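[1] Give me coordinates for this.
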Amino acid sequence: MAHTSDTPDTRTPAQIEADIKSRREVLAETLDEIGVRVHPKTIVGDAKARIASNVDHTLGRAYVGVNRVVSDVKAKFVDEEGSPRLERIVPVAVVAVGLVGLLALGTRRRRS
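    Numbering: from 1, shown residues only. Below is the predicted model of the structure:
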């Protein structure tokens, strides 16, 4: 119970001692909590947790982006039933084989 200078204190010495003891306990708990919060290990742990959370968030966004790109590419080469779209696969395969052939030919010419 708070005592103000305008009102007389009607508490007994035992009540005053109990109030002091109670306030000391609350103050000790508060100081312990502050000590834990400002301890270097706590600060480092909190920083690590924030960094891990940010990394997880960034990786999650990257996964969603890559998954979207893969789905878009797959949709171009596979129809809704999962069958390959040969009209799109064959031209890409021909271009790929042509590029590999040109690279192989270029490598042979440099060695000769």
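[2] helix or strand for K76, which one?
    helix 40-77 (DSSP states H and E).
[3] Give me the buried stretch members for that helix, please.
    For helix 40-77, a neighbour-count test (16 or more other Cβ atoms under 10 Å) marks nothing as buried. All C-beta spots, glycine's among them, are computed from the backbone N, C-alpha and C.
[4] Show the subsequent helix or strand relative to that helix.
    helix 86-111.
[5] got a pLDDT number for the residue nearest the centre of the chain?
    The chain has S53 as the residue nearest its centroid, 2.4 Å off, counting by Cα atoms, centre = their mean. We have a pLDDT of 91 for S53.
[6] For it, give its distance to V38.
    Distance of S53 to V38, computed by Cβ to Cβ, to the nearest Å: 21 Å.
[7] Over to D9?
    36 Å.
[8] same deal with Q15?
    Going from Q15 to V38 by Cβ to Cβ gives 35 Å.
[9] just to revisit the earlier point, run the chain-centre distance for the helix holding K76.
    6 Å (Cα atoms, centre = their mean, to the nearest Å).
[10] could you give the angle of the lowest-mean-pLDDT helix or strand in the chain to helix 40-77?
    Here the helix or strand of the chain ranked lowest by mean pLDDT, DSSP states H and E is helix 86-111, holding a mean of 87. Counting by axes from the mean of the first three to the mean of the last three Cα atoms, to 10 degrees, helix 86-111 lies at 110 degrees to helix 40-77.
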